[in-house]
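Novice: sequence and predicted structure, then a few things I'm wondering about:
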Amino acid sequence: MRENHQREKEKKLQMWLAKIQDAVPFQSGLKWGLRSGDRIIVPPVYRNIQTPIGNYCAVETNPRQWGIIRLDGKVVVEAQYTNVEINHDGTARLTVFPGITKTVNLK
């Protein structure tokens, strides 16, 4: 019963993420958030947000501290990297220091 509930919850999440694929960054004051149409998905709490790639986008919380969030606002990778590159295949390259990178699977 718990597995069925979890599967239904995951299915609803995937359907909702598919609906908000057209999300775009918007600025309110000095902070950035995500908006899909007229609806605000992620409130403007970030210093900078890159354009979403798939279901994920890179966010900057403090100067030179980048992380990754899902389009629904859930933090996937904490903001502690100097650079983040999200690929279309569901992986991301995180730069710890210049010259030192690590790759994570986002799915």
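Specialist: Received the coordinates, thanks.

Novice: how about the helices of this structure, start to end?
Specialist: For the chain, helices defined by DSSP state H occupy the ranges 2-19.

Novice: most centrally placed residue in the chain?
Specialist: I69 (2.5 Å; Cα atoms, centre = their mean).

Novice: and that one, how far is that from V42?
Specialist: 7 Å (Cβ to Cβ, to the nearest Å). Placement of C-beta: from N, CA and C, glycine included.

Novice: list the contacts of the residue nearest to the centre of the chain.
Specialist: V42, Y56, C57, V59, V75, V76 (Cβ atoms under 8 Å, 6 or more residues apart in numbering).

Novice: and what of F26?
Specialist: W32, G33, L34, R35, I40, P44.

Novice: same list, those, but as a markdown table with distance to A18, neighbour count and pLDDT please.
Specialist: Listed next are the contacts of F26 as a markdown table, based on distance: Cβ to Cβ, whole Å; neighbours: other Cβ atoms under 10 Å; pLDDT from 0 to 100:
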| residue | distance to A18 | neighbour count | pLDDT |
| --- | --- | --- | --- |
| W32 | 23 | 20 | 96 |
| G33 | 20 | 19 | 95 |
| L34 | 15 | 25 | 94 |
| R35 | 17 | 17 | 94 |
| I40 | 19 | 14 | 93 |
| P44 | 24 | 17 | 95 |
